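In: no sequence on this one, just coordinates:
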């Protein structure tokens, strides 16, 4: 989780990613941020995020993203 929080903080240092749970819904993360996140997460965690995974529910919070990473690592 620490690596993910670092990636998120690099994008938006002013956001408390441990508390925020509406990153997409509140437009904190935009489409460019999502693309950047997918690239960083793929490189850092050696997982592949596919088009079916790119839904707001998977990107609305750090915990949701971490859960996605965990699922992808288990596949």
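Out: Everything's here; your move. All values reported here derive from a predicted model rather than from experimental measurement.

In: tell me the mean pLDDT for stretch 65-74?
Out: The average pLDDT within stretch 65-74 is 97.

In: got a list of what the residue sitting nearest the centre point of the chain touches?
Out: Residue closest to the average C-alpha location in the chain (Cα atoms, centre = their mean): residue 65, at 4.3 Å. Contact partners of residue 65, counting by Cβ atoms under 8 Å, 6 or more residues apart in numbering, are 4, 8, 37, 41, 58, 59. (Glycine included, C-beta is placed from N, CA and C.)

In: and if you look at residue 23?
Out: Contacts of residue 23 by Cβ under 8 Å, 6+ apart are 15, 17, 29, 59, 60, 61.

In: elements contacting the helix or strand containing residue 37?
Out: Here residue 37 sits within helix 31-45, counting by DSSP states H and E. Applying 3 or more Cβ pairs under 8 Å, 6 or more residues apart in numbering; DSSP states H and E, one finds that helix 31-45 contacts helix 2-11, helix 62-74.

In: what about residue 4, how many residues close to it?
Out: 20 (other Cβ atoms under 10 Å).

In: quick check: closest non-adjacent residue to it.
Out: Nearest non-adjacent residue to residue 4, counting by Cβ to Cβ, 6 or more residues apart in numbering: residue 66, 5.5 Å away.

In: just the closest of the contacts of residue 23 to residue 51, please.
Out: Using Cβ to Cβ, residue 59 comes nearest to residue 51 of the contacts of residue 23, at 13.3 Å.

In: what about the residue nearest to residue 4, neighbour count?
Out: 16.

In: distance of it from residue 38?
Out: Look at residue 66 and residue 38: by Cβ to Cβ, to the nearest Å, they are 14 Å apart.

In: in terms of helices and strands, where is residue 15?
Out: Judged by DSSP H and E, residue 15 forms part of no helix or strand.

In: give me the pLDDT for the closest residue to residue 48 other than its chain neighbours.
Out: The spatial neighbour of residue 48 that comes closest, neighbours along the chain excluded (Cβ to Cβ, 6+ apart), is residue 42 at 6.3 Å. Note on residue 42: pLDDT of 96.
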